[in-house]
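Student: no sequence for this one, just the structure:
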């Protein structure tokens with residue numbers, strides 16, 4: 001494990017110059033919380049040993065974790081492991097059924113972990129995402145968000161996954177502000193209560209269905225609080241399915257996304273935390289490259 005720490009650190013240091021720009025850093029090392037890691041990136045390792053995996057992530061200079069799984073531990077156990085290492089959990093990801101059926105447990109676990117945000121990343125559905133689904137989603141999100149805010153002081157966020165960018169049907173088009181390419185994602189953002197519902201942009205799952213993440217950030221600068229930073233393999237064509245093979249996640253700066261444009265747009269929004277997510281089996285080599293890329297980004 002120590003050899004792995006050394007290798008990843010050497011790789012990160014060796015490639016930092018490749019991405020260096022002039023100006024003030026977007027992710028200064030003095031702001032240790034701004035740049036974080038999604039636990040899903042290290043899901044295989046976390047499922048075997050939470051403590052050792054946290055050590056691996058901390059060795060890369062990351063101390064902020066978004067947990068989307070408790071990995072058969074209790075929230076109290078994970079909090080103790082974080083505290084021992086001077087690390088923190090700022091966001092807690094859960095499944096939709098958890099919010100529907102045991103939101104009190106969700107709120108309690110999030111508070112125990114020390115999280116500020118509760119995030120859900122998938123609305124259960126079959127086939128194309130429809131207006132009726134979007135309407136139910138709006139009602140549910142307002143309810144979830146109000147409970148989490150009023151009872152636990154937590155901010156609820158929805159993480160987009162690509163399927164929500166279906167065009168808005170003509171019957172409600174006049175209700176949705178925007179240009180000629182309004183989508184059901186616009187409908188959800190505009191119909192939910194900003195007091196209770198915020199958003200986490202996954203930039204890959206914004207780009208994959210044909211959207212420009214920077215444009216959407218500019219359209220809703222006050223609604224996004226979190227971001228998943230990832231990149232898509234060159235040559236891969238997107239769609240509205242919300243799915244693509246995990247091998248299509250590549251190191252930041254090596255894929256299709258215009259990350260400089262996206263990150264500069266994000267810097268002018270209300271986004272507080274940026275989490276690296278890499279679903280691929282190549283994280284040991286890709287994560288150091290991604291960290292170096294982000295550390296090299298300037299305003």
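Tutor: Thanks, I have the structure now. Quick caveat, the model's predicted, so the values are computed rather than measured.
Student: ok, longest helix in this protein?
Tutor: As assigned by DSSP state H, the longest helix anywhere in the chain is helix 131-152.
Student: Walking through the stretch 101-250 of the chain, point out its strands one by one.
Tutor: 117-120, 155-159, 197-202, 224-229, 231-232, 249-250 (DSSP state E, counting those that start in this stretch).
Student: Please tabulate the ones you listed in JSON lines and include distance to residue 260 as additional columns.
Tutor: Any C-beta I mention is one placed from the backbone N, CA and C, and that applies to glycine too. Putting the strands of the stretch 101-250 of the chain into JSON lines (distance: least, C-beta to C-beta, whole Å) gives the following:
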{"stretch": "strand 117-120", "distance to residue 260": "25"}
{"stretch": "strand 155-159", "distance to residue 260": "23"}
{"stretch": "strand 197-202", "distance to residue 260": "16"}
{"stretch": "strand 224-229", "distance to residue 260": "12"}
{"stretch": "strand 231-232", "distance to residue 260": "12"}
{"stretch": "strand 249-250", "distance to residue 260": "16"}
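Student: With mean pLDDT, mean neighbour count and distance to residue 283 added, can I get those in TSV?
Tutor: Shown next, in TSV, are these (pLDDT from 0 to 100; neighbours: other C-beta atoms under 10 Å; distance: least, C-beta to C-beta, whole Å):
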stretch	mean pLDDT	mean neighbour count	distance to residue 283
strand 117-120	98	24	21
strand 155-159	98	24	20
strand 197-202	98	25	17
strand 224-229	98	24	14
strand 231-232	98	22	13
strand 249-250	98	24	9
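Student: So which of the ones you listed is nearest residue 295?
Tutor: Evaluated with C-beta to C-beta, the strands of the stretch 101-250 of the chain place strand 224-229 nearest to residue 295, the distance being 12.2 Å.
Student: Given that closest one, what are its sheet partners and their directions?
Tutor: Using DSSP bridges, the strands paired with strand 224-229 are strand 197-202 (parallel), strand 273-276 (parallel).
Student: quick one, which of these is nearest to residue 256?
Tutor: strand 197-202 (14.6 Å).
Student: can you list the strands paired with strand 224-229 in JSON lines and add distance to residue 179?
Tutor: Output for these, formatted as JSON lines (distance: least, C-beta to C-beta, whole Å):
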{"stretch": "strand 197-202", "distance to residue 179": "19"}
{"stretch": "strand 273-276", "distance to residue 179": "27"}
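Student: which one of those strands lies closest to residue 243?
Tutor: Comparison of those against residue 243 by C-beta to C-beta identifies strand 197-202 as nearest, at 12.6 Å.
Student: I'd like to know how far the residue in the chain sticking out farthest from the centre sits from residue 132.
Tutor: Most distant residue from the mean C-alpha position of the chain: residue 171, 31.9 Å away (C-alpha atoms, centre = their mean). Between residue 171 and residue 132 the distance is 11 Å, computed by C-beta to C-beta, to the nearest Å.
Student: Contact partners for the residue nearest to the spatial centre of the chain?
Tutor: What sits nearest the mean C-alpha location of the chain, by C-alpha atoms, centre = their mean, is residue 228, with 2.9 Å. For residue 228, the contacting residues are 38, 159, 200, 201, 202, 203, 204, 205, 275, 276, 277, by C-beta atoms under 8 Å, 6 or more residues apart in numbering.
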